[in-house]
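Chemist: could you work out the structure for the sequence below:
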Amino acid sequence: MRPALGAVRSRPMLLAAEPWHYWIALPLVGGGLLAVVAGIAGYLRKVQSVKHPKR
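Modeler: The predicted structure is shown next:
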């Protein structure tokens, strides 16, 4: 099965397009790191509260 004629014509345009979406990587990586740190902090808080209860 051959690709549609429109897909063949648009391929050079896609290769020549300037990438604009790299900026989204910074918030995604930052959010991921923040989620990992928050998960570790929450786990440690729960574990330490059981080992050392408030008086």
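Chemist: ok, which stretches of this protein are helices?
Modeler: 5-16, 25-51 (DSSP state H).
Chemist: between those helices, which has the poorest mean confidence score?
Modeler: Mean pLDDT is lowest for helix 5-16 out of these, coming in at a mean of 62.
Chemist: tally of neighbours for residue 39?
Modeler: Neighbours of residue 39 under the rule other C-beta atoms under 10 Å: 10. C-beta: built from backbone N, CA, C; applies to glycine.
Chemist: can you pull the contacts of it?
Modeler: For residue 39, the contact set (C-beta atoms under 8 Å, 6 or more residues apart in numbering) is empty.
Chemist: quick one: it from residue 45, how far?
Modeler: 11 Å (C-beta to C-beta, to the nearest Å).
Chemist: ditto for residue 31
Modeler: 21 Å.
Chemist: kindly report the same for residue 32.
Modeler: Counting by C-beta to C-beta, the gap from residue 32 to residue 45 is 20 Å.
Chemist: same check on residue 27?
Modeler: Distance from residue 27 to residue 45, by C-beta to C-beta: 26 Å.
Chemist: what's the answer for residue 30, then?
Modeler: Counting by C-beta to C-beta, the gap from residue 30 to residue 45 is 22 Å.
Chemist: do the same with residue 53
Modeler: The value you get for residue 53 to residue 45, if C-beta to C-beta is used, is 13 Å.
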